[in-house]
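> sequence and computational prediction follow.
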2 protein chains.
Amino acid sequence: MTELNSEQDINLHPQNEVGVVVQQLTGAEGEEQAEMFSDILEEAEPGTVALLLEALPLDERYERWQQVQFADRVEVLSLMRADPRMGILRQMPDSEVDLLFAQLSPEDLIEWSDYLPESYTDRALAQMGERQRQHFELYNQYDENEIGRYADHQMLVLSTKATVGQAQRFFRRIDLDCNDNLFLVDEQEHYQGTVRRHDVFRHGPEQPLASLLSEDSRALSADASLLEAAEALEHSREVELPVVDYEGGLIGRVTLRTATALVREHYEAQLMATAGMDESHDLFAPILKGARRRAVWLGINLLTAFLASATIGLFENVLAQVVALAVLMPIVASMGGIAGSQSLTLMIRGMAMGQISGGNLMSLMKNELGIGAVNGLLWALVIGAVASWWFNDSVIGIAIACAILINMLVAAAAGVAIPMLLQKFNQDAALSGSVILTTVTDVVGFFTFLGLATLLFL
Amino acid sequence: MTELNSEQDINLHPQNEVGVVVQQLTGAEGEEQAEMFSDILEEAEPGTVALLLEALPLDERYERWQQVQFADRVEVLSLMRADPRMGILRQMPDSEVDLLFAQLSPEDLIEWSDYLPESYTDRALAQMGERQRQHFELYNQYDENEIGRYADHQMLVLSTKATVGQAQRFFRRIDLDCNDNLFLVDEQEHYQGTVRRHDVFRHGPEQPLASLLSEDSRALSADASLLEAAEALEHSREVELPVVDYEGGLIGRVTLRTATALVREHYEAQLMATAGMDESHDLFAPILKGARRRAVWLGINLLTAFLASATIGLFENVLAQVVALAVLMPIVASMGGIAGSQSLTLMIRGMAMGQISGGNLMSLMKNELGIGAVNGLLWALVIGAVASWWFNDSVIGIAIACAILINMLVAAAAGVAIPMLLQKFNQDAALSGSVILTTVTDVVGFFTFLGLATLLFL
């Protein structure tokens, strides 16, 4: 996206542009790259600069970072993911870090502090004035899953006793992002309702503002979850909603822009969680650090793989006599794993929207088992027939067909039950759901297949 | 989220509320459920009603749907996912469907038509006036990946010759969602720039409007991708951006609210794609329909599982002599699969943001191979030691250690290369990336492990 100077400039592809610039920038080196980047800095949005820096390997990234104007640095860093941001902070001289922290708003610091070592947060707080520190403390009461943490103070607030004229002056003077509303509070700063800008400019200045209170004045509770709040904003007709604490005190507002960012971050986090990583992960993590972070997930999966191996180990006798079983084993496990992940994914999506509860769980279970039975029968027949023909042995075909059917039914049941159990224990189903599921389908798959084979062959 | 009648009502949990209501509603039956639902209908937002209907099993869903007031039906259906929406349409009598279609805006129909059988789209078009049909055709030129398709006409447009006074009257009279701007066009309806509402109310009515043109008047190109457009809106300071065709003609606008929905749908689609399903999927699909849709994905995975089996089949000799190999096989495949999916997930996230290109691909490859080497060595040693001890045979330990190291390096390379290759052929890496990756890591894992064992044992 660039500025519009003439009609020819209108055809713009903001993100392709990121792609193209990444291509040029990463293709260049040294001086050439530095010059190219300083041209980019003149035109690009801070969000684009953040994306570009993340796309550079670590050594080049810090060199280019030093070209970013001091006035833009806080915004660019705020728009980067947490790991690359921290990487840059660590490379900066202490004096520069302090200068940077002095420019940080309480809202910025809250976002940064989710991933910032405490010593850095303390240094940043030391740079803040008393009032800003109070704002920080206000938001910092709420944890990372509560919308109160991500509220901001960029809002228009007036007393219930104010007039329309005061509101008009307010709206004329102050120009905030996503600002369509004015929030009214009583003397205790308790939220009393919303007045819309559109109404303010349609009435005379003498009229009491309270007479324009919007009929559906809504507020978000500060302890509502991020996704709840984003959902509420998306489905409301507002671009900003007030956030109130449990006593009704107005602590800030959340905008539709924040909601978009929260939705993106939620799903990015979920995507990364499926591979045991988190949303802060740097595209170019330092090798040892990256390896260490990923090792945990590999270790957990290794334990479950050993469980599967141990299950196979129970059946060494039959495996020694019928090698075909070893050849076919992965098919039973794989079909169960895929079928289970389909049920699990549907559950995770529904749970994110609050659509699944004790009330419809049994209906869901029946439905998934029905689908599992149909696909189980279909693929049991197909795989049984292929296996019989391949090894010219119908007993093998019968064993694998039965194992497939049983495993796909178990997979459906596990795909529904596991995320519900994880939710009960406050665990993230996107992170641990698939490991547990695969363990179940591997163990059940190997056990039924090799167990049936033992019964039939030995 | 409910309306604010008194201070006690302020503490609201919109989505928990969905969860609670789902619980109550799905727990009730027949008459009781009907009464409960009619109470809900009086207070709830259309978005909440849509979520609730989706959470009901098919028979109950249609009964409750019939309670929804006619005036709200289009909005509720528009906010549902495509499959449940289509399910309801199919159950409705023809006469009711036509009445419903008569209320549909061109923008609604565009969204519905992505998943609507053509006969339904034609029926809906037959209910529209000439002008609405033209709007539909305008948006329908763009395909499902282009933002032009999802633009809307709810915008304020004036000629470059208009005055500030005209703009003020416009803003006072018309109350649109996410409306902060006024777009100026020339006589050919070509976009000329943006005037901000804030500026309009700070100047005298006689002044020419063109003198207030915003310095950074941006436009989205109608063929920009949905994610590009959402990104541009999120990182701009606007709540709406104009959309122009390749000649610069103003065809509509996109709001931040639309952007939030597009981001959510993009990631939901990606989440569902990891299990071979699509975003339209109904929580309660009819069993045969649900089974058929999922069968395709199971079939594709079965083919890859047979490939893995065929690889194992090459080594029947060594397997017949050393049963321990069959027991340990899944570990080699599993570790490769997990390591590869970590690289793949990082790539998919980066590619969605346009951060990966030919320029940084080699640096990324080096980085991922470095991480793969570190974790490969670590886990090769651990697994080799455990295997040697378990089977009291150091040759088995050596074979599995080498296979793990090789497979994890291959996994890292494949995790980087596969999504880039898929992108070249315009394939969705979220959908097919993990199948191809698992095939590679399974085949390579089994081949190296059993191949090394053949060399060492036979």
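Received it, and whenever you're ready, just let me know what you need.
> do the helix or strand harbouring A:Gly337 and chain B meet?
Assigned by DSSP states H and E, A:Gly337 belongs to helix A:323-352. Yes - using CB under 8 Å from any CB of the partner chain, helix A:323-352 reaches chain B at A:323-331, A:333-335, A:338-339, A:341-342, A:344-346, A:348-350. For every residue, glycine as well, the C-beta is placed using N, CA and C.
> now the angle between helix B:323-352 and that helix, please.
Relative orientation of helix A:323-352 versus helix B:323-352 (axes from the mean of the first three to the mean of the last three CA atoms, to 10 degrees): 30 degrees.
> tell me which stretches of the stretch 51-200 of chain A form helices.
Taking DSSP state H, counting those that start in this stretch, the helices of the stretch 51-200 of chain A run over residues A:58-65, A:70-79, A:82-91, A:94-101, A:106-113, A:118-126, A:130-140, A:164-173, A:197-200.
> save these as a markdown table, and put in distance to B:Asp122 too.
A markdown table is the format used below for these (distance: least, CB to CB, whole Å):
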| stretch | distance to B:Asp122 |
| --- | --- |
| helix A:58-65 | 54 |
| helix A:70-79 | 46 |
| helix A:82-91 | 51 |
| helix A:94-101 | 60 |
| helix A:106-113 | 49 |
| helix A:118-126 | 61 |
| helix A:130-140 | 53 |
| helix A:164-173 | 47 |
| helix A:197-200 | 39 |
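> nearest to B:Asp114 among those would be which one?
B:Asp114 lies closest to helix A:70-79 among those, at 31.4 Å (CB to CB).
> for that closest one, name the packing helices and strands.
Where contact means 3 or more CB pairs under 8 Å, 6 or more residues apart in numbering or on different chains; DSSP states H and E, helix A:70-79 is packed against helix A:46-54, helix A:82-91, helix A:94-101, helix A:106-113.
> pull out the buried positions in that helix.
Residues of helix A:70-79 classed as buried by neighbour count (16 or more other CB atoms under 10 Å in any protein chain shown): A:73-79.
> and stretch A:317-337, by the same measure?
Within stretch A:317-337, the residues scored as buried using 16+ other CB under 10 Å are A:318-320, A:322-337.
> do the same with stretch A:189-208
For stretch A:189-208, burial by neighbour count (16+ other CB under 10 Å) applies to A:190-201, A:203.
> show me what whichever helix or strand A:Glu231 is part of is in contact with.
A:Glu231 is located in helix A:226-235, with elements delineated by DSSP H and E. Helix A:226-235 has contacts (CB atoms under 8 Å, 6 or more residues apart in numbering or on different chains) with A:145-147, A:150, A:218, A:220, A:224, A:239, A:241, A:243, A:254-256, A:259-260, A:262-263, A:266, A:352-354, B:1, B:13-16, B:45-48, B:79, B:257, B:260-261, B:264.
> what's the angle from it to helix A:323-352?
Comparing the axes of helix A:226-235 and helix A:323-352 via the same axes, to 10 degrees yields an angle of 60 degrees.
> where in chain A is pLDDT low?
Within chain A, the segments meeting pLDDT under 70 span A:1-17.
> what about 50?
Within chain A, the stretches with pLDDT under 50 are A:1-15.
> and the residue nearest the centre of it?
Nearest to the mean C-alpha position of chain A, by CA atoms, centre = their mean, lies A:His266 at 2.1 Å.
> please identify the most buried of the helices and strands packed on helix A:70-79.
Of all these, helix A:46-54 has the most neighbours on average by mean count of other CB atoms under 10 Å in any protein chain shown, namely a mean of 23.
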